[in-house]
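Trainee: please find the sequence and the predicted model below.
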Amino acid sequence: MQSPLSKKRVFRFAPSPNGLLHLGHALSAILNHDLAAAFGGRFLLRMEDIDPARSRPEFEAAIYRDLAWLGLDWERPVRRQSEHLAFYGEALERLKAMGVLYPGFLSRGEVKARVQVHEAAGGTWPRDPDGAPLYPTEERTFDRDRALAWIAAGRQHAWRLDMDKARALVPQVLEWSEAGAGPQGETGIVTARPERWGDVILSRPDAPASYHVAVVLDDAEQGVTDVVRGQDLFHATAVHRLLQSLLGLPAPVYTHHGLVPGPDGRKLSKSNQDTGIAAYRQKGVSPAGIRALLAGYGFVLH
Ligand code: GLU
């Protein structure tokens, strides 16, 4: 029999401690917190500190400070991804055993140079939903022993998902339930098209699990039922659905919310000090003032 606890809806806010929280993060955090409260559910906070080169303890401390100042309360202990590398490593080994991972050796610069040559000759190179060129696929069929010898000799590499092989292992129609909306108003049952991302990186020597891997494993491990996050991650959900399907993980309901515009109409960034939560606090804005600002942008808070 299911325990009453397992029926509770579970929400999470999952920032990466690589900068200060801005108004867009405040929106995500408040929505998750308030929805959990409205449904009598749970609100978790997760530190997505999987990338050691970009994560800093002072940003983690600032996140706790800003969220507490906003009046939010979350369950303890906070899950920190850097403490679960072995857990992600097991899943990556499973994917390797399924034959859907391969080591890629081309640097970003090498790919860029190829794209330039191709486009200068009048060709078009396929790009992912974020506009980045897709990774060439020829290394999928490289001799594996030779590739492993290169890795052992210290050559730069990343483990990439062979999108075609992965796609062939999961149901052809891959969908998710969208309770918010995508950038083009996509809502309801959305068809996932992970192939638009090409052969994504799932592991690098310096960051042993990518965001995509860690996020789907953690959401499943923590029993997350509802993922509420910014629309900038809408298209990434296709990769998440693919990984969930490959790894036999449940799919949460996704709610992508609109992005808070920056002062110049551009996307808010963590490096922009002026729109940080801490900057508003220092200017004398109250937590209620932050909610009023968000409501002023048209976001419906509960
Ligand atoms: N860690 C991601 C970020 O800060 C968010 C991940 C998610 O909500 O799925 O952009």
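Mentor: Perfect, thanks for sending it. Numbers count the residues shown, from 1 in each chain.
Trainee: how much space is there between the residue in the stretch 51-200 of the chain that the ligand sits nearest to and residue 275?
Mentor: Taking C-beta to the nearest ligand atom, the ligand has its nearest neighbour within the stretch 51-200 of the chain at residue 81, 8.9 Å off. Where you see a C-beta, it was placed from the backbone N, CA and C, and this is true even at glycine. Relative to residue 275, residue 81 is positioned 26 Å away (C-beta to C-beta, to the nearest Å).
Trainee: wait, what's in contact with the residue of the stretch 51-200 of the chain closest to the ligand?
Mentor: Neighbouring residues of residue 81 by C-beta atoms under 8 Å, 6 or more residues apart in numbering: 46-50, 88, 209, 214, 218.
Trainee: so what pLDDT did it get?
Mentor: The confidence metric pLDDT takes the value 98 at residue 81.
Trainee: for the ligand, what is the nearest residue in the stretch 201-302 of the chain?
Mentor: residue 229 (3.7 Å).
Trainee: that residue belongs to a strand?
Mentor: Yes - under DSSP: H, G, I helix; E, B strand; the rest coil, residue 229 sits within a strand.
Trainee: the residue nearest to it when sequence neighbours are not counted: neighbour count?
Mentor: Using C-beta to C-beta, 6 or more residues apart in numbering and skipping the chain neighbours, the partner closest in space to residue 229 is residue 28 (5.7 Å). A total of 20 residues lie near residue 28 under the criterion other C-beta atoms under 10 Å.
Trainee: ok, now residue 77?
Mentor: Look at residue 77: counted by other C-beta under 10 Å, it has 7 neighbours.
Trainee: so which residues make contact with the lengthiest helix in the chain?
Mentor: Looking across the chain with DSSP state H, the single longest helix is helix 23-38. If you take C-beta under 8 Å, 6+ apart as the criterion, helix 23-38 is touched by 9-13, 15, 21, 41-43, 66-67, 70, 72-74, 226, 228-230, 255, 257, 259-260, 268, 275, 277, 280, 290-291, 293-294, 299, 301-302.
Trainee: buried subset of these as a ChimeraX selection?
Mentor: The ChimeraX command for the buried members of those (criterion: 16 or more other C-beta atoms under 10 Å) is given here:
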select :9,10,11,12,13,15,21,41,42,43,66,67,70,72,74,226,228,229,230,255,257,259,260,268,275,277,280,290,291,293,294,299
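Trainee: can you tell me which of the contacts of helix 23-38 end up in strands?
Mentor: 10-13, 42-43, 226, 228-230, 255, 257 (DSSP state E).
Trainee: below-threshold pLDDT in the stretch 151-300 of the chain: ranges please.
Mentor: Low-confidence segments of the stretch 151-300 of the chain, defined by pLDDT under 70: 271-274.
Trainee: before we move on, the earlier item: orientation of the longest helix of the chain relative to strand 226-230 in degrees?
Mentor: Comparing the axes of helix 23-38 and strand 226-230 via axes from the mean of the first three to the mean of the last three C-alpha atoms, to 10 degrees yields an angle of 160 degrees.
Trainee: now helix 23-38, how far from the chain's geometric center?
Mentor: Put simply, helix 23-38 sits 17 Å off its chain's centre (C-alpha atoms, centre = their mean, to the nearest Å).
Trainee: element containing residue 288, please.
Mentor: Following DSSP states H and E, one finds residue 288 within helix 287-296.
Trainee: helices and strands around that helix, which ones?
Mentor: Applying 3 or more C-beta pairs under 8 Å, 6 or more residues apart in numbering; DSSP states H and E, one finds that helix 287-296 makes contact with helix 23-38, helix 277-282.
Trainee: what mean pLDDT does the first one have?
Mentor: Put plainly, it is helix 23-38. Taken as a whole, helix 23-38 has a mean pLDDT of 97.
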